[in-house]
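1. coordinates for the following, if possible.
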Amino acid sequence: MFTTRPELLGTFGMVTSTHWLGSAAGMAMLERGGNAFDACIATAFVLQVVEPHLVGPGGDVPVVFHSATTGRTEVLCGQGPAPAGATIAHYKAEGLDLIPGNGLLATVIPGSFGAWMVLLRDYGNLTVRDVLEPAIHYLEGGHPVLPRVADTIAGLKDFFEAEWPTSAAVFLPGGSAPKAKQLFRNPVLAETWKRIIREAEAAGGDRERQADAAFAAFYRGFVAEAVDRFARNTEVMDESGRRHRGVITGDDMAGWPPQYEAPLTYDYHGHTLAKIRPWGQGPVFLQTLALLKDIDLASMGPASADFVHTVTEAMKLAFADREAYYGDPDFVDVPVEALLSDAYNDARRGLIGAAASRELRPGRVPGYEAQVDRVMAALQRLSKVSGTALKDLAANEPTMADMLSARRGDTVHIDAVDRWGNMVAAMPSGGWLQSSPVIPELGFMLNTRAQMFWLEPGLPASLEPGKRPRTTLTPSLALRDGKPYLAFGSPGGDQQEQWQLQLFLRHVHHGLNLQEAIEQPMFHTAHFPSSFYPRERKPGHLLAEESFGPEVLAELRRRGHDLEEAPEWTVGRLVAAARDPDGLLRAAATPRLMQAYAAGR
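-> Numbers count the residues shown, from 1 in each chain. Got it, this is the predicted structure:
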């Protein structure tokens with residue numbers, strides 16, 4: 001099968017990410033003796049620089065990884081929770097029914113930096129300086145601006161100048177938006193990282209002590225102090241049409257630690273999938289596998305109408321359960337065992353019919369009936385039903401090639417595997433340049449992850465102080481015969497699980513290699529409520545690339561899907577890396593958007 005790029009093969013190490021400069025920086029860490037963890041961390045900091053419309057230092061990250069040293073597969077939660085002042089009563093007093101998708105009210109504790117420092121301390125080989133220096137190089141010397149970054153900034157120029165002047169000072173040098181491929185610098189952020197390095201090295205000692213000192217500088221030192229001042233003293237225009245101050249404080253940041261936890265797993269056709277727990281949407285992937293487990297997908301072509309229809313209808317059921325049941329398990333009881341059980345999914349599988357469903361149909365786990373009713377009633381009031389035109393979709397995190405709205409942010413993804421058998425999949429996001437104004441002393445923005453909370457009490461994803469938002473961020477790691485085999489992921493908000501699922505199913509059932517699976521025509525549905533303000537849904541919706549061909553698209557329409565055709569090569573940003581039992585390493589990256597690249601040898 002022809003592919004635009006080869007599936008990379010080697011034995012030393014592989015790094016794949018959503019930007020070539022990030023992947024190159026990660027590979028440089030491997031070349032200097034670092035491992036997959038060092039490579040992932042350095043890649044992440046470079047992506048904050050070169051994809052600032054998709055991720056920033058004030059964002060969040062979940063990481064699923066396998067350590068060759070411990071022999072364990074674990075999750076590191078770099079998803080910060082809601083601040084102490086983030087109460088439903090406070091937001092209601094501000095006249096809000098939904099949390100805005102930008103501004104300061106949507107900010108939770110920034111988690112990614114803490115997660116990277118903890119991962120470096122516990123599993124890395126290199127130092128704080130090592131993993132930050134590539135990012136500092138591009139911040140000081142400049143990096144070529146992606147066309148989509150230039151378009152995003154240009155679309156926000158008037159808004160930045162009128163409402164967010166600190167962002168204008170950084171992203172509109174000389175009063176103008178940067179041109180595509182022009183070198184762009186952010187010396188203030190470079191100085192933030194250099195000060196972090198100085199404070200880390202002043203602590204002396206080994207990598208572990210320096211990583212802890214860097215963590216302290218961010219969460220209990222000068223970074224937290226600047227965040228506190230900015231949130232207290234700055235009123236920010238947001239999507240509500242009004243100005244609000246933030247509620248995050250330095251005390252919130254000082255009291256937060258990243259957490260290790262066991263992944264949620266599911267066995268499927270010889271593979272064990274490891275995902276984050278229901279504080280994110282990770283279980284959707286596993287629920288969809290449970291629904292598909294006894295369906296003969298191998299007999300369906302990987303780009304056939306049968307395949308697209310069957311997978312879409314299964315995903316609709318799993319995403320309906322996401323709305324009804326998922327939330328931070330430290331605060332709510334999520335019946336994940338029941339949701340993944342054979343009995344539950346055998347019954348649900350019968351709902352997959354020959355015609356496309358237009359209903360949002362969560363299951364009814366015994367003992368949770370009243371909760372499901374409350375959720376459905378809230379969605380009826382608050383989740384807007386929109387048409388099928390792409391321009392109507394106002395979610396703040398879709399990955400679409402033409403960047404339909406300059407207000408939208410997104411996500412990046414990183415996979416790394418090394419010769420020792422370490423494997424990492426990470427989904428950094430948040431704190432993008434559209435989210436909130438730049439904090440002038442720091443050179444970066446805060447996140448807007450709190451928009452995923454509901455301001456209705458009694459729901460599993462209702463806002464509470466200290467609670468994690470039910471994030472869309474969802475990296476994937478698959479084991480085969482108990483050994484780490486495949487790390488993969490894609491940005492895309494509510495589409496993340498959908499696009500990742502297509503890669504995995506085509507690889508497992510149709511024998512496609514990683515690059516072949518990634519380059520197959522892509523599809524997704526917006527049938528269920530968006531996780532992002534203003535929480536729209538499009539019943540019966542199905543978006544598919546034109547590359548499926550007219551016969552397949554016509555058949556999907558005949559089956560009742562409200563079909564939306566997307567241009568070829570515009571949907572999804574998948575990347576993946578694998579390790580075979582004999583030590584052969586493999587990696588692949590999508591050609592879509594012409595940014596993602598795999599590197600390795």
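2. helices and strands around the one helix or strand residue 505 maps to, which ones?
-> Per DSSP states H and E, residue 505 falls inside helix 496-510. Applying 3 or more C-beta pairs under 8 Å, 6 or more residues apart in numbering; DSSP states H and E, we find helix 496-510 packed against helix 282-292, helix 305-325, strand 476-480, strand 483-489, helix 514-519, strand 523-524. The C-beta positions use only the backbone N, C-alpha and C, and glycine is treated the same way.
3. and the first one, what's buried?
-> The neighbour-count criterion (16 or more other C-beta atoms under 10 Å) identifies 282-292 as the buried residues of helix 282-292.
4. please list the residues outside that helix that contact it.
-> Contact partners of helix 282-292, identified using C-beta atoms under 8 Å, 6 or more residues apart in numbering, comprise 62, 264-266, 268, 273, 275-277, 310-311, 314-315, 317-319, 321-322, 326, 336, 339-342, 344-345, 348-349, 352, 474, 476, 497, 500-501, 505.
5. please compute how far that helix lies from its chain's middle.
-> In terms of C-alpha atoms, centre = their mean, to the nearest Å, the centre of helix 282-292 is found 18 Å from the chain centre.
6. residues in contact with residue 516?
-> Going by C-beta under 8 Å, 6+ apart, residue 516 touches 1, 3, 7, 506.
7. any of the residues you listed buried? List them.
-> Members of these classed as buried by 16+ other C-beta under 10 Å are 3, 7, 506.
8. rewinding a little: avg pLDDT for the helix holding residue 505?
-> Helix 496-510 shows a mean pLDDT of 98.
9. about what we covered before: need the helices and strands packed on helix 496-510 in CSV with mean pLDDT, can you?
-> As requested, the helices and strands packed on helix 496-510 are exported to CSV (pLDDT from 0 to 100):
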stretch, mean pLDDT
helix 282-292, 98
helix 305-325, 98
strand 476-480, 98
strand 483-489, 98
helix 514-519, 98
strand 523-524, 98
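10. quick one: which of the ones you listed is nearest residue 104?
-> Evaluated over those, closeness to residue 104 peaks at helix 305-325, with 26.7 Å, by C-beta to C-beta.
11. next, the angle from the closest one to helix 282-292.
-> Interaxial angle, helix 305-325 versus helix 282-292 (axes from the mean of the first three to the mean of the last three C-alpha atoms, to 10 degrees): 130 degrees.
12. I'd guessed residue 185 sits against residue 137; true?
-> No - using C-beta atoms under 8 Å, residue 185 makes no contact with residue 137, being 10.8 Å away.
13. OK, contacts around the residue nearest in space to the middle of the chain?
-> For the chain, residue 473 is the residue whose C-alpha lies nearest the centre (C-alpha atoms, centre = their mean; 3.3 Å). Residues near residue 473 by C-beta under 8 Å, 6+ apart: 60-62, 79, 276, 280, 411, 427, 429, 496.
14. at 6 Å what do you get?
-> Contact analysis of residue 473 by C-beta atoms under 6 Å, 6 or more residues apart in numbering lists 62, 280, 427, 429.
15. quick one: buried residues of stretch 224-233?
-> Buried residues in stretch 224-233, defined by neighbour count with 16+ other C-beta under 10 Å: 224, 226-228, 230-231.
16. stretch 503-512 now?
-> 503-510, 512.
17. okay if I get these as a markdown table plus distance to residue 527?
-> Shown next, in a markdown table, are those (distance: C-beta to C-beta, whole Å):
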| residue | distance to residue 527 |
| --- | --- |
| 503 | 21 |
| 504 | 21 |
| 505 | 19 |
| 506 | 22 |
| 507 | 25 |
| 508 | 24 |
| 509 | 23 |
| 510 | 25 |
| 512 | 26 |
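18. any idea which of those residues is closest to residue 440?
-> Using C-beta to C-beta, residue 503 is the member of these that lies nearest residue 440, at 41.2 Å.
19. which SSE is residue 294 in?
-> Using DSSP H and E, no helix or strand contains residue 294.
20. what number of residues lie near the residue nearest to residue 293 when sequence neighbours are not counted?
-> Nearest residue to residue 293 in three dimensions, chain neighbours excluded: residue 268, at 6.3 Å (C-beta to C-beta, 6 or more residues apart in numbering). Counted with other C-beta atoms under 10 Å, the neighbours of residue 268 add up to 19.
21. same check, this time on residue 129
-> Residues near residue 129, counting by other C-beta under 10 Å, number 17.
22. what strand or helix carries it?
-> Going by DSSP H and E, residue 129 is in helix 128-141.
23. how about residue 74, secondary structure?
-> Look at residue 74: counting by DSSP: H, G, I helix; E, B strand; the rest coil, its state is strand.
24. okay, it and residue 490: tell me how far apart.
-> 22 Å (C-beta to C-beta, to the nearest Å).
25. repeat for residue 66
-> 20 Å.
26. cool, and residue 201?
-> Counting by C-beta to C-beta, the gap from residue 201 to residue 490 is 37 Å.
27. coming back round to it: hmm, who's touching the helix holding residue 505?
-> 269, 281, 284-285, 288, 297-298, 302, 315, 472, 474, 476, 489-490, 492, 512, 517-518, 520, 524, 572, 574.
28. need the strands for the stretch 201-350 of the chain, in chain order.
-> 236-237, 243-244, 259-261, 264-268, 271-275 (DSSP state E, counting those that start in this stretch).
29. so which of the ones you listed is the most surrounded?
-> By mean neighbour count, with neighbours taken as mean count of other C-beta atoms under 10 Å, strand 271-275 ranks first of the strands of the stretch 201-350 of the chain at a mean of 23.
30. from residue 466, how far out is residue 332?
-> Going from residue 332 to residue 466 by C-beta to C-beta gives 13 Å.
31. can you give me the neighbour number for residue 199?
-> Neighbour count of residue 199, defined by other C-beta under 10 Å: 18.
32. setting aside sequence neighbours, what's the nearest residue to it?
-> residue 217 (4.4 Å).
33. can you give me the distance of that neighbour to residue 210?
-> Note on residue 217: its distance to residue 210, by C-beta to C-beta, is 11 Å.
34. how about residue 1?
-> Taken as C-beta to C-beta, the span from residue 1 to residue 210 is 47 Å.
35. so which of residue 74 and residue 490 has more stuff around it?
-> Between residue 74 and residue 490, counted using other C-beta under 10 Å, residue 490 has the larger neighbour count: 33 against 17.
36. for the more buried one, grab phi and psi.
-> Here is the backbone geometry of residue 490 (degrees, to the nearest 10): phi -150, psi 140.
37. look up how far residue 572 lies from it.
-> In terms of C-beta to C-beta, residue 490 sits 6 Å off from residue 572.
38. what's the answer for residue 5, then?
-> In this structure, residue 5 and residue 572 are 15 Å apart, going by C-beta to C-beta.
39. so where's the stretch 351-500 of the chain uncertain?
-> Within the stretch 351-500 of the chain, the segments meeting pLDDT under 70 span 387-409.
40. where do the helices of it begin and end?
-> For the stretch 351-500 of the chain, applying DSSP state H, counting those that start in this stretch gives helices covering 369-382, 496-510.
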